[in-house]
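Q: Predicted coordinates and the sequence they were generated for:
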Amino acid sequence: MEEKKNKTNIPLYFTFTRKMISQQKLNFCLGFFSIFLVVVICSISMTLLYHSSTIFLRIAERQVGEIDSKISSNNYSPKTQINMTAISDLVPLDKLITKTENKINKNKENEKDKVSFHKLRNSLVKDYIKEKTKAYLKADTQQTRTSQPKANAKFKTNSGFKANRKLQADQQTKATNDEETFDNLQYGSPRVMSWDSKLYPKKYCSGDLANNDWTYVGQEEEDSCKNNTATDTKNCLDKYCTRSKKIVVHMIESEREEEIGLGRLYKEDAMTAGEINCQEEVFNDLMVGEGTEVILRIPLNQAIPSVVQEAYFQWRKISHDEAQDLDKIEIPLEWAILNLPFKLTKKLEGTMGKFAQRDENNQCLLEFSTFLPYLLNYGNPESDPEFMSALSGIDLREFTDILIWNLKPPRNDYYRKNDYDQVQKLIIDFISKLLYRIGFDQISVDLPILSNMRFYSNFSMFLGIILNFILTILVILSIVLIYSLLLVSIETRTFQMAVFRTIGMTKAGLIKLILSQALAFSLPSWALGLLFGQIIYLQIASYFGNILGTEIPKMLSGSSIGVATFIGFAIPIFASIYPIKLALEKSLYSSLDMKRSRIKAVKFKINRNSQNRYSGWMIVIGLSFAIFGFLIYYLFPLALLSFNFSLLLYIFFSLLLCMLFGLVLLALNIEYPLEKLLSYVFLFASSVSTRFLILKNLMAHRIRNRKTSAMYSLSLAFIIFASVQFDLQMVEITYSIRQENGVLMHIGFSYDDDYNFEKYKFPDLSNIFDYLENEKNIEDYSWVSIMLNDIMSPDYDYRLSNTGNTFSYWTDISTVSPNFLNVTLKDDFWKTKTDIPEFGKLWDPIEQLYTVRGSSSALIGSLYEKSLNLDTDGLFTLNAESKNELIRYTFQPLAFIDSSPIFIFSNLPSTTYQDTIVSSSTFINLSQNRIKSVSQIPLSKILLKFNDKITSDEKDQIKENLDSLIEELESDIEDTEIDGLIDFSVWDYDDEIEPFDTARVIMSAFSSFAIIISNIICFFALISSTYVNIYESTKEIGILRAIGLNRKRLTNVFIGEALLLVLAASIMGFFIGIIVSYSMFKENQLFLGFEVPFPFPYVIFIVVILSSFVSALLAAIFPSKRILSKSIVKLFRSDD
């Protein structure tokens, strides 16, 4: 019977809801658009968050190439090449190599037993190359390794695993049976690189170019350039060609790299013998086009020395056992430096995923499998044909520089997590299984993408937290808005509901009636929200895809649809709880009484003292605080102990959210005094009576206005917080880069581990210094040395200690030029709290190092002032520690530094490893005669300071000029003892922050989107609140009209009320957002170690004030016109 009754009431609920929508179209539209916007935002933001890891993956791939791992030999390996053929035995690649040529060494079967499970270096070329051989061919493994930029090996394996052959075979068999693991490890490809090659366009060469012999012996009898390999005279190509370009050659297997997903934008076919593809900059510098014939000069003794050695052994028919006793290889060096004719086939735009972005401008590709066979006919005419035949017949796969090993496609699945720790776990698991198969004692592994994504990991995590924060705020705002709209519906339909109750509607029926109205907002808004969310997301995905140069998935994720559906239906249900309670609490008599005014300026409540009474709110608040306290008490130490940075950030953001709500509630207590103050500021031109009516209305509508004020304050505080945090993240990133480098451009020097600072003479930089002196746009320049620890390594390490040597700290010692602070960004990063004892007003602390006092002093971190109990008149000890001796130097602290450009100083005990700066003379004395003079101090950077009026084009020109000078310097030291042991580069701040422009676009888009949406929802709430305020004042409006107040003044009263309400709420929200943002700003300062400016949102403040006027005008003018259009009689009799 009850079921039948409920079924018959369902049409009544829908009928009443339909009539409510038709009579209150504005309220329905507000509720509809509120949920619609939340569903749209939720679906889009959750999808973007789901794909954010893919976005950051694409950014990382642009910077380092589409390379998951690079395997090379480490410092414990006797050779720099790796035997790819032997590795293929342990990780067979035949399933993937369907098109690529895979030449197999004829002696492979005989040599299998020489390849152990943990040693895969070529067993044909062991460490039998003696010192004389290295010196003669200049192809020793250490120099060859250092002729290439060192890989940033993040994952080195040097455990020296030793196992018996039976155990190795069992492990290999077990691993091979693991088909799933095996299938994930087949995506490797070899590469050989030459860093010292040169291209010469034939069109810029003179003389008889009919054959290739002239490139070796010249075009004259006994030509001076014949077989020249020295650096003091020109080779034949330099003599007869007027244009050349130094390039980096990558020998690749094109089809193989396509199969493993390396270079998605590279769509070219495999190159044939004699074809080479280069980047656009190479074409531009050589002033040539596609199809141009060029000569490639490539030193095989440096690019593939082991191949040259193996060719020599085959040519001389030397067995491997005999090769171990050789003192030197008797082969002329000019045989190993080849000049090969090639055709520039394709122009490559950018990196195309094949190289790192930092390697851009001079990279070229040629085919791996065709290179050695191709050089057979283009060797030195004076070389032995049998040697060239042996050289061209070697399988290059057995002598590869690096192995690029990518994850199993689709690679995105491995990186599709916003928690960097989870991504790292998957990648390390992959590379560990790979190394388990191929061995690990002589291998270094670089994980370029994972290392690069570490930088974005915090940003990605922060973005996820901000998105969740945005959704939380928007859901709360929407709940409050729907709650207000339902409240409006109940209050305006009080009489109708009372009639329903008199004719028999039960409380359950009343609840269902209100829920049906609430769900009326959800159903259409949910469906259309998902539809529009998909449409908008398509545009966003396309937009970011164009920016990133890659394709982003175009469909909404399943999780985003699920969350949007839940939120879309949960909002009206939660919002209807209090309106249902209010409707049930109203007495039937008061609901049917239409003669009394709905405005209650005075309220009183009588509570009976009873043991059975309890406060529901007190229970909820008490439980909430108890649960919150328990979670913080448990989760905070859990995050610290487990190094879960994501959980720690969520805890911090939860605290900030609580601070935000707390400040909003606190601010509501000063709402009316602030409104009264603002009435005198903004309504000074109004009459006293008008201002009096406005304040009385604000007092009468105070309870309802509080909801609108809370929404405005909360939303605006959130807007300010989100906007400031977005800006702050960008400021912190850029300032961190500036602090690390000290200037906006510098020349960098990096040294190989085999560089002997005592033996080798530092290169002559006079040409560079002359250019810096004469360049009008360079105001000044300075230099920074490398650390003394690197010069003295591995003999000495350095500690700072008190004179009693009871407390000590590791330190890095460097020296700088006296004008260091004049060149660097000292206004941003130099901070010292200790007064300099002498000349403090004339000289800065760095300059004082070069005084008499400074020669026995040093600049140290502020931490040591307390930890070592020092002052500027005290003494501390610098201990140079080695295995056999301890040398103690006594210094005075010249100053205690809080922060500095380039160097690490701090007053926090968490940073115990800090720098120490001394004068140049002190630095030389500490080097123990390894450095003889200031001119021989190895530099790490030459710092440049530009004129204030320099343009971007002028900076680019300076960088090009410096690049040219560096190329000249590299040519000068070519084939000298330091060739390949020093790497030079020009660092530019603008180039460094260019990848962050994409992140800035993403963050700005989210910030702007959140600001617009939250403002729209708050505007809806303001319209609803203003409408109800005017509706409730219907009878009061009739009285005012009856005593002579015209429509214009009444409209001004309602506009003024809305204006003061919005202004007060906006100002409170603005400063609440500033307080919360500043709290997080100060927290970030602790982690940074230096100060950055607080990004105060001046523009948003102005926009807030202006939008308050517009919102108040739009919210009040339309409802007031509708009410004021009625006659006075209708106003007194109005009940809807």
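A: Received the coordinates, thanks. Numbering: from 1, shown residues only.
Q: Identify the spatial nearest neighbour of Ser919, chain neighbours not counted.
A: Leu849 (4.1 Å; Cβ to Cβ, 6 or more residues apart in numbering). C-beta: built from backbone N, CA, C; applies to glycine.
Q: do the same with Phe1019
A: Using Cβ to Cβ, 6+ apart, the closest residue to Phe1019 is Ser1111 (5.4 Å).
Q: Need the three-state assignment for that neighbour.
A: In three-state terms, and counting by DSSP: H, G, I helix; E, B strand; the rest coil, Ser1111 is helix.
Q: if I look at it, how far off is Val1062?
A: 5 Å (Cβ to Cβ, to the nearest Å).
Q: Just want to know which of those two has more residues nearby.
A: A count of neighbours by other Cβ atoms under 10 Å puts Val1062 above the other of Ser1111 and Val1062, at 27 against 23.
Q: And the pLDDT at that one?
A: With respect to pLDDT, Val1062 has a value of 85.
Q: and if you look at Lys603?
A: At Lys603, pLDDT is 63.
Q: and what of Leu137?
A: So Leu137 comes in at 34 (pLDDT).
Q: Neighbours of the nearest residue to Lys354 once chain neighbours are set aside, how many?
A: In this structure, Lys354 finds its nearest non-sequential neighbour in Gly263, 4.5 Å apart by Cβ to Cβ, 6+ apart. Neighbour count for Gly263, taken as other Cβ under 10 Å: 23.
Q: just to revisit the earlier point, got a list of what the residue nearest to Ser919 touches?
A: When contacts are counted by Cβ atoms under 8 Å, 6 or more residues apart in numbering, Leu849 is found next to 818, 855, 857-859, 894, 917-919, 922.
Q: how about it, phi and psi?
A: phi -60, psi -20 (degrees, to the nearest 10).
Q: quick revisit: is it correct that the residue nearest to Lys354 is in contact with Gly350?
A: No: between Gly263 and Gly350 there is no contact under Cβ atoms under 8 Å: 11.0 Å.
Q: sorry, back to before: specify the local secondary structure of the residue nearest to Lys354.
A: coil.
Q: what does the model give it for pLDDT?
A: 83.
Q: so where's the stretch 551-700 of the chain uncertain?
A: 551, 587-617 (pLDDT under 70).
Q: Let's see that with 80 instead.
A: 551-553, 571-572, 574-618, 620-621, 631, 642-650, 652-654, 656-657, 700 (pLDDT under 80).
Q: ranges for the helices of it?
A: Using DSSP state H, counting those that start in this stretch, the helices of the stretch 551-700 of the chain run over 558-575, 577-585, 588-592, 616-641, 645-667, 671-682, 688-700.
Q: circling back: ok, so what distance separates the residue nearest to Lys354 from Thr345?
A: 16 Å.
Q: just Ile535 next, same as before
A: Counting by Cβ to Cβ, the gap from Ile535 to Thr345 is 43 Å.
Q: quick one, which of the two is more surrounded?
A: For Ile535 versus Thr345, the count of surrounding residues by other Cβ under 10 Å is larger for Thr345: 19 against 10.
Q: and Val248, what are its phi and psi?
A: According to degrees, to the nearest 10, Val248 has phi -110, psi 120.
Q: what's the burial count for it?
A: 20.
Q: Ok, the one 3 residues further on next?
A: Here the neighbour count serves as a burial measure; for Met251 (other Cβ under 10 Å) it reads 24.
Q: likewise Tyr913?
A: Count around Tyr913 with other Cβ under 10 Å applied: 11.
Q: Distance of it relative to Asn802?
A: Relative to Asn802, and taking Cβ to Cβ, Tyr913 is found at 17 Å.
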